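J.: pasting the sequence and the predicted model now:
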Amino acid sequence: MSRWTMSYFAVALACLLSGLTLMGFGFGFPSADEGAPDTLVIVHLIAIGWLGLLFLGALLQFAPVLAAASPRLPWIAAPALVALSFGLLLLLLGFLSLGGRLEFDILVLPIGGILLLIGFGVHVLSIAATLMARKQHDPPGFLVLLGLLALAVTAGLGLAFSCLLAGVVIPDWAGDLLAHGLPAHAFSGLVGWMTLTAIGVSYRLFSMFMLAPEESRFGRWLGVAAFIGLMSLWAGSMTAWVLPEFRDVAFWPASASFALSIVCYLADLVAMFLARRRKALELNTSAGLASVLHLPTGLVLIFLSQTVATSAPLLETGVYCLAMGWLSGLGLAQVYKIVPFLTWLEAYGPVMGRSAVPRVQDLVREPKARMHFALYHVAVIAGGLCLLLGLDFWFRLAAWAQFATVAGLGLEIIRARRLSYAPERLRLPSGAVRPHLVTANPN
């Protein structure tokens, strides 16, 4: 067990609740422009603070499982979390200063970017080294490696942009870098790092929790298509930088490749669902499958935003569907399972076989959490519709509804961690360990 997975999850959930609070108060888009400093605060609080730390915390635990090997450089987890947390804080302070809300030296932007690059960089090295320990890479491991490559590109471009915004370096080609590099930065993070990593990890989790065959019929095609899509995206950005007249040269091959990869993923999920041996699905699986429905919706909206002339915020709504519906919904569903499972191992592993212990299911109350998940997805759908229709007030109400459901799920996760639902007579048999809230005993 990783000692720091729970710490990553705790900071991540705090960032998600903070982001939803700001959205509920009308901070950032749609009350402000999509490129305004306030919007950048929301975007990076969700993308780095919530999704980034969530994924890294999960990979601390899951990468050794994918590789069937011990983790490489496990000691970097704690200092990397400190670097990422302070880097994000400085980045947000820089954006708030750009918007005139605070008066910090704007140099906090590149300093924050450096800390984030260091934090993400050591994780890329650690996780990639762990995965590379396996001689043959199955589709989930390959997709996570692709995601790590996209993370490195995203963090590198982010540091470059923070230096430009702070005025540290303003070369003659700065305008071209912002024009052509920002889309690559955004979609490398959203589609390359987060979506491909989520697909890779969910392959194994869905097959595990549905008791379905692990082999993938279309996994290799998915990996090839995703690789071509990423390469097309980056090549197109570089080409547009040098030859602006070929700005859209990579749009169609990248779109077709990503579309093929998503079709392969969905086809494999359907095959897993039909071949599953567990007919009654656990809540984390059903909630995770519900999140998958937001994936094609978000990608279609993003595609339409680039091909249809309309004033509707299709791009922003598509990004919202991917971030809050697909990635956040899947993340919350899996955290709801991962935390009780790791807590059960930590608390009762020392007495397993020597004393009666609760089941993993005894650490949670699924009926209560099921209501939270259902309301969360309803709120996300409502928020997306409000964005499309320009209903700012109702969008804020949808954000508050999401806040309430996430807070409710957070309380359920804390109760699982504190063994609150475990039967009293089995809660702490002699020799069992009462877990700490945000750290774990690796032994």
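T.: Good, I have the coordinates.

J.: okay, which residue is most central for the protein?
T.: The centroid of the chain falls nearest to residue 51 when counting by CA atoms, centre = their mean (3.2 Å).

J.: give me every residue that touches that one.
T.: When contacts are counted by CB atoms under 8 Å, 6 or more residues apart in numbering, residue 51 is found next to 12, 194, 323, 327-328, 331. The C-beta positions use only the backbone N, C-alpha and C, and glycine is treated the same way.

J.: how does it look with 10 Å?
T.: 12, 15-16, 189-190, 193-194, 197-198, 323-324, 327-328, 331 (CB atoms under 10 Å, 6 or more residues apart in numbering).

J.: now flag whichever of those is closest to residue 392.
T.: Nearest to residue 392 among the contacts of residue 51: residue 324, at 16.4 Å, using CB to CB.

J.: what's the pLDDT at the closest one?
T.: Among the per-residue scores, residue 324 holds a pLDDT of 96.

J.: assign the residue nearest to it when sequence neighbours are not counted to helix, strand or coil.
T.: Once flanking residues are discounted, residue 324 sits nearest to residue 380: 5.1 Å by CB to CB, 6 or more residues apart in numbering. The assignment at residue 380 comes out as helix when based on DSSP: H, G, I helix; E, B strand; the rest coil.

J.: rebuild the contacts of residue 51 as a markdown table, extending it with neighbour count.
T.: A markdown table is the format used below for these (neighbours: other CB atoms under 10 Å):
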| residue | neighbour count |
| --- | --- |
| 12 | 23 |
| 15 | 24 |
| 16 | 26 |
| 189 | 25 |
| 190 | 23 |
| 193 | 28 |
| 194 | 25 |
| 197 | 26 |
| 198 | 29 |
| 323 | 22 |
| 324 | 30 |
| 327 | 26 |
| 328 | 24 |
| 331 | 26 |
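
J.: return the subset of these lying in helices.
T.: The helices, defined by DSSP state H, take in 12, 15-16, 197-198, 328, 331 from the contacts of residue 51.

J.: what's the closest of those residues to residue 1?
T.: Closest approach to residue 1 among the ones in helices among the contacts of residue 51 (CB to CB): residue 12, at 18.0 Å.

J.: surely that closest one meets residue 339?
T.: No. With contacts counted by CB atoms under 10 Å, residue 12 stays clear of residue 339, the gap being 11.9 Å.

J.: and stretch 90-107, how far from the chain's centre?
T.: The chain centre lies 25 Å from the centre of stretch 90-107; the measure is CA atoms, centre = their mean, to the nearest Å.

J.: that one: end-to-end distance?
T.: 9 Å (CA to CA, to the nearest Å).

J.: give the rounded mean pLDDT of that stretch.
T.: For stretch 90-107, the mean pLDDT works out to 92.

J.: what about the residue nearest to residue 324, how many neighbours?
T.: For residue 380, the neighbour count with other CB atoms under 10 Å is 25.

J.: and it, what does it touch?
T.: Going by CB under 10 Å, 6+ apart, residue 380 touches 291, 294, 320-321, 323-326, 328-329, 398-399, 401-402, 405.

J.: out of the residues you listed, which is most surrounded?
T.: residue 324 (30 neighbours).

J.: shouldn't it be in contact with residue 401?
T.: No. With contact defined as CB under 10 Å, residue 324 does not reach residue 401; the gap is 11.6 Å.

J.: what is in contact with these two at once?
T.: By CB under 10 Å, 6+ apart, residue 324 and residue 401 have these common neighbours: 20, 376, 379-380, 383.

J.: of those residues, which is the nearest to residue 268?
T.: residue 380 (24.2 Å).

J.: pLDDT at the closest one, what is it?
T.: Residue 380 carries a pLDDT value of 97.

J.: that one and residue 296, how far apart?
T.: Here residue 380 is placed at a distance of 15 Å from residue 296 (CB to CB, to the nearest Å).

J.: tally up the residues packed near residue 278, please.
T.: By the criterion of other CB under 10 Å, residue 278 has 11 neighbours.

J.: kindly report the same for residue 24.
T.: Applying other CB under 10 Å, I find that residue 24 has 18 neighbouring residues.

J.: what's near enough to touch it?
T.: Counting by CB under 10 Å, 6+ apart, residue 24 makes contact with 395-404.

J.: one more: residue 351?
T.: Shown in contact with residue 351 (CB under 10 Å, 6+ apart): 357, 428-433.

J.: which of these lies closest to residue 133?
T.: The closest of the contacts of residue 351, once distances to residue 133 are taken by CB to CB, is residue 433, at 29.2 Å.

J.: just to revisit the earlier point, buried subset of the shared contacts of residue 324 and residue 401, written for PyMOL?
T.: Of these, the buried ones go into a single PyMOL selection, burial set by 16 or more other CB atoms under 10 Å:
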select buried, resi 20+376+379+380+383
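
J.: ok, residue 305 touching residue 314?
T.: Yes. Contact criterion CB under 10 Å: residue 305 and residue 314 qualify, at 3.7 Å.

J.: okay, the two: which has more neighbours?
T.: Each of residue 305 and residue 314 has its neighbours counted (other CB under 10 Å); residue 314 has more, 20 against 17.

J.: list the buried ones in stretch 149-167?
T.: Within stretch 149-167, the residues scored as buried using 16+ other CB under 10 Å are 149-166.

J.: out of the residues you listed, list just those in helices.
T.: Taking DSSP H, the ones among the buried residues of stretch 149-167 that sit in helices are 149-166.

J.: just the helices from the stretch 251-400 of the chain, written as ranges.
T.: When assigned using DSSP state H, counting those that start in this stretch, the helices of the stretch 251-400 of the chain occupy the ranges 251-275, 283-292, 294-307, 314-320, 328-348, 366-389, 392-417.

J.: closest one to residue 78 among these?
T.: Taking CB to CB, helix 328-348 is the member of those nearest to residue 78, at 17.1 Å.

J.: against which helices or strands is the closest one packed?
T.: On a contact count with 3 or more CB pairs under 10 Å, 6 or more residues apart in numbering; DSSP states H and E, helix 328-348 meets helix 5-24, helix 53-67, helix 196-210, helix 283-292, helix 294-307, helix 366-389, helix 392-417.

J.: turn those into JSON lines, including distance to residue 43.
T.: Output for the helices and strands packed on helix 328-348, formatted as JSON lines (distance: least, CB to CB, whole Å):
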{"stretch": "helix 5-24", "distance to residue 43": "9"}
{"stretch": "helix 53-67", "distance to residue 43": "15"}
{"stretch": "helix 196-210", "distance to residue 43": "18"}
{"stretch": "helix 283-292", "distance to residue 43": "20"}
{"stretch": "helix 294-307", "distance to residue 43": "15"}
{"stretch": "helix 366-389", "distance to residue 43": "14"}
{"stretch": "helix 392-417", "distance to residue 43": "14"}
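
J.: and of the contacts of residue 24, the nearest to residue 178?
T.: Proximity of the contacts of residue 24 to residue 178 (CB to CB) peaks at residue 395, which lies at 27.8 Å.

J.: pull the number of nearby residues for the closest residue to that closest one other than its chain neighbours.
T.: Excluding the flanking residues, the one nearest residue 395 by CB to CB, 6+ apart is residue 386, at 3.9 Å. By other CB under 10 Å, the residues close to residue 386 number 21.
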